[in-house]
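Enquirer: Attaching a predicted model along with its sequence, questions to come.
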Amino acid sequence: MRTRHAWILVALFACTKAGPTQETAATPPEPKFAQPPEAKMAPAPPSTAPQVTIAMTAATLADDCGGVSPPAAPRAQARERSEREDSARGARANRACDQSSMQLSVVLPAGGAATQLTVKKVELFDDKGALIGELTPRAPTMWTQDGTYTAWDQKIAPGQELSVSYALSQPPWGAVTERWNRTYVLKAVVTVGGGERSVQRDVHVAAPTMLPPNVRT
């Protein structure tokens, strides 16, 4: 009997030792996932102020009359006046002085910053793209509501739509053969709003009906 009781005690002792070992077995840690980085807001694009719009609307390649000769009216009025002047010149033996000039349309939308325009360079090219020479701009004027040109300080205010004109020196025709009945390209480089712009226009030079005396053809 004692032997039987001893074996029972040994079995109970063994069960007591094994139990805690199974219960306290280490469980694998839960996997840790990397936290997604915080979403960063994209910087807002910088606001851009309205830019000045510039275009060359008309040009005359003729003489340099000296001083300031009143230029033709802008756009449609310029065409009508040019036709009348051409007709009148054809009836005269001597052609009146016709001032070389260029006209620019300058527009600054409301909300833009006031700025100033400066003509840096004016170049004349032939119909083959070859440079003929530079023309000197002077006497900037502005078309007014009363139908005349007035001196212009080249300043542009927000909301202005201007038609301006510059007198030009006479093109250097000396090296040009067959000057008449050809189309040329007048190109102007201007600075405005802290940057440079280029504007240009094709200009057709027709032979006048009557040439003034001593004019080389």
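Expert: Arrived safely, thanks for sending.
Enquirer: all strands in this protein, in order from the N-terminus.
Expert: Along the chain, the stretches classed as strands by DSSP state E are 53-60, 101-107, 115-125, 131-135, 137-143, 149-151, 155-156, 161-168, 182-192, 195-205.
Enquirer: Format the ones you listed as JSON lines; extra columns: mean neighbour count.
Expert: In short, each C-beta sits where N, CA and C put it, glycine included. Listed next are the strands of the chain as JSON lines, based on neighbours: other Cβ atoms under 10 Å:
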{"stretch": "strand 53-60", "mean neighbour count": "19"}
{"stretch": "strand 101-107", "mean neighbour count": "22"}
{"stretch": "strand 115-125", "mean neighbour count": "17"}
{"stretch": "strand 131-135", "mean neighbour count": "17"}
{"stretch": "strand 137-143", "mean neighbour count": "18"}
{"stretch": "strand 149-151", "mean neighbour count": "13"}
{"stretch": "strand 155-156", "mean neighbour count": "17"}
{"stretch": "strand 161-168", "mean neighbour count": "22"}
{"stretch": "strand 182-192", "mean neighbour count": "18"}
{"stretch": "strand 195-205", "mean neighbour count": "15"}
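Enquirer: Of these, which is nearest residue 74?
Expert: Closest to residue 74 of the strands of the chain is strand 161-168 (Cβ to Cβ; 4.1 Å).
Enquirer: what's that closest one in contact with?
Expert: Identification of contacts with strand 161-168 by Cβ atoms under 8 Å, 6 or more residues apart in numbering yields 57, 64, 68-69, 71, 74-75, 99-107, 119, 122, 135-143, 149, 152, 156.
Enquirer: do that again at 6 Å, thanks
Expert: Residues from elsewhere that reach strand 161-168 (Cβ atoms under 6 Å, 6 or more residues apart in numbering): 68, 71, 74, 99-107, 135, 137-143, 152.
Enquirer: So for residue 175, which of the strands of the chain sits nearest?
Expert: Comparing those by Cβ to Cβ, strand 131-135 comes nearest, at 7.2 Å.
Enquirer: Just the angle for that closest one relative to strand 101-107, thanks.
Expert: Angle, strand 131-135 to strand 101-107, by axes from the mean of the first three to the mean of the last three Cα atoms, to 10 degrees: 80 degrees.
Enquirer: packing partners for strand 131-135?
Expert: strand 115-125 (3 or more Cβ pairs under 6 Å, 6 or more residues apart in numbering; DSSP states H and E).
Enquirer: What strands flank the strand it packs on, and is each parallel or antiparallel?
Expert: strand 131-135 (antiparallel), strand 155-156 (antiparallel), strand 182-192 (antiparallel) (DSSP bridges).
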